[in-house]
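1. Sequence and predicted model, in that order:
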Amino acid sequence: MDQDYISMWQNLGIDLENHDCLLKALAEFYQQIYLSQEKRPEGMKYFDFVISEAHGLRIKELLEAKKQGKKVIGTFCVYVPEEMILAVKGICVGLCAGAQIGFDEAEKVLPKTTCDLIKAFIGFKLAQVCPYTESCDLLVGETTCDGKKKAYEILDKLTRKVYVMEVPHRKTEVSKELFLKELFNFKEKLEEISGQKMSLETLREGVKIVNEKRKALMRLESLRAHDPVPISGLDALLVDQIAFYDAPIRFTQKVNELCDELEERVKKGVGVKPKGTPRVLITGCPFALPNWKLHHLIEASGAVVVGEESCVGRRYYHTLVPENFNSVEEGIKALAERYLNTHCACFTPNAERIEDIKNIAKALNAQGIIYYSIQFCTPYLF
Ligand code: BJ8
């Protein structure tokens, strides 16, 4: 391992022993699950590289940016607008974790019957294995499910860096007003922490960057509608996971390059699986990195995953934000509208999500739907 990285991790307070176990396990799984796949697109090489440097080069980039005065803001939910973080020249990183490291420690501070996603982000903190969490200047929690709300209180005790944004659970007029106010409060918090004023120009730029990223992800998803499918569900999942922490402009360019290659495959009738392979849509809880097991199980059994109605998937890139606003206030209103149109199971009633599932399954020519819920996740178990 590069000596520079070791000192970088030490300076961040990473527990080198635990971290080494995590990286070794990851490298092994990656080899078994990802690199053993056949007919992978060439364009996946970039994403393989990003994964191999997730705790190295990307962290180095974040620390360089911090030296130049930029702030790194960590989030755990797709209701937190990353456009606003970019609009104060910040860097947004997703912090949900998908590995069972630190669970023993986490279970000392959380009920055992807490969902694994929550146990994982608390576990990562307690085991000191996440250089992203340690690089952040602010950790933005949100009032979505009960488990997360209470876990943020614990995370704040451990880090003293947590800010909680209120997300309503209904889509009434009152809820919409509350969410809009919360976005204005969030703007103030971001300006205070970054020392940067959000202007019309910077907000428009933030919106444009994130819109382009979402367009590219939507383009990738629509290519999965073809039979034979030009990319495996595992590879598409990896791209969706990397969307939460790679530099957005570079990431968008690489996703578009991958899509160019996939379009060529479609024209030539080339796929990763034979034509007629059973096609599955997955719906439910998010798949935080490195949670690849369901996709792996399905694809190793001879089917292919063609889409995800999930926050690591369609709920992240479902719609764009109109770019024609003429003031910061108007821009924030447009953001509030777009974000509140995300159909998480935490909302009640939530008939829109069922409609989304049906529409996505139809658009992607899925023949079956697998409902994925993490044990003890009440909203998605209903
Ligand atoms: S918008 S799905 S990212 S809240 S799995 S922690 S719900 S008990 S993750 Fe989520 Fe935002 Fe909704 Fe998406 Fe709770 Fe369930 Fe655990 Fe969950």
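-> Okay, I see it.
2. OK, contacts around the residue lying closest to residue 44 once chain neighbours are set aside?
-> Nearest residue to residue 44 in three dimensions, chain neighbours excluded: residue 235, at 5.4 Å (C-beta to C-beta, 6 or more residues apart in numbering). To be clear about C-beta, it is placed using only N, CA and C from the backbone, and glycine gets the same treatment. The neighbours of residue 235, taking C-beta atoms under 8 Å, 6 or more residues apart in numbering as the test, are 34, 37, 40-41, 44, 47, 272.
3. What separation do you get for residue 354 and the ligand?
-> Applying C-beta to the nearest ligand atom, to the nearest Å, the value for residue 354 to the ligand is 15 Å.
4. Compute the number of surrounding residues for that residue.
-> Neighbour count of residue 354, defined by other C-beta atoms under 10 Å: 12.
5. Helix, strand, or coil at it?
-> Assigned by DSSP: H, G, I helix; E, B strand; the rest coil, the conformation of residue 354 is helix.
6. Quick check: pLDDT value at it.
-> If you check residue 354, the pLDDT there is 96.
7. and the stretch 201-350 of the chain, which of its residues are near the ligand?
-> By the rule C-beta under 6 Å from any ligand atom, the part of the stretch 201-350 of the chain lying against the ligand is 285-286, 311, 315, 344, 346.
8. So which of those residues sit within helices?
-> If you go by DSSP state H, these have residue 315 in helices.
9. What is the nearest of the residues of the stretch 201-350 of the chain next to the ligand to residue 369?
-> Nearest to residue 369 among these, counting by C-beta to C-beta, is residue 285 at 14.3 Å.
10. Quick check, that closest one in contact with residue 376.
-> No: using C-beta atoms under 8 Å, residue 285 is not in contact with residue 376; the gap is 10.6 Å.
11. Whichever residue of the stretch 151-300 of the chain sits closest to the ligand: what's it in contact with?
-> Distance from the ligand to each residue of the stretch 151-300 of the chain (C-beta to the nearest ligand atom) is smallest for residue 285, at 4.2 Å. By C-beta under 8 Å, 6+ apart, the contact set of residue 285 is 115, 117, 310, 372-374, 377, 380.
12. Just the pLDDT at it, thanks.
-> pLDDT, residue 285: 97.
13. ok, it to residue 257 distance?
-> Separation of residue 285 from residue 257 (C-beta to C-beta, to the nearest Å): 30 Å.
14. so where's the stretch 151-300 of the chain uncertain?
-> Within the stretch 151-300 of the chain, no range satisfies pLDDT under 70.
15. thinking again about what came up before, dump the contacts of residue 285 to CSV, plus neighbour count.
-> Shown next, in CSV, are those (neighbours: other C-beta atoms under 10 Å):
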residue, neighbour count
115, 22
117, 23
310, 21
372, 19
373, 16
374, 21
377, 21
380, 20
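16. Greatest separation within the residues you listed: which pair is it?
-> Across the contacts of residue 285, no pair lies farther apart than 115 and 310, at 14.4 Å, counting by C-beta to C-beta.
17. What is the burial count for residue 263?
-> 14.
18. May I see the buried residues of the host helix or strand of it?
-> Element membership of residue 263, judged by DSSP states H and E, is helix 248-268. When burial is assessed from 16 or more other C-beta atoms under 10 Å, helix 248-268 yields the following buried residues: 248, 251-252, 254-256, 258-259, 261-262, 265-266.
19. outside of it, which residues touch it?
-> The contact list for helix 248-268, computed with C-beta under 8 Å, 6+ apart, reads 41-44, 46-47, 82, 86, 209-210, 212-213, 215-217, 219-220, 223, 226, 230-231, 239, 242-243, 271.
20. In ChimeraX, select just the buried ones from those residues.
-> With 16+ other C-beta under 10 Å as the criterion, this ChimeraX line picks the buried residues out of these:
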select :41,43,44,46,47,82,86,209,210,212,213,216,217,219,220,223,226,230,231,239,242,243,271
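21. Show only the entries of the contacts of helix 248-268 found in strands.
-> Using DSSP state E, no member of these sits in strands.
22. Write down the beta-bridge partners of the residue lying closest to residue 77 once chain neighbours are set aside, one by one.
-> Using C-beta to C-beta, 6+ apart and skipping residues adjacent in sequence, the residue nearest residue 77 is residue 142, 4.8 Å away. Beta bridges link residue 142 to residue 165, judged by DSSP bridges.
23. switch to numbering from 871
-> All right, first residue 871 from here; so that's residue 1012.
24. contacting residues around residue 1012?
-> Contacts for residue 1012 (C-beta under 8 Å, 6+ apart) come out as 946-947, 949-950, 1018, 1034-1037.
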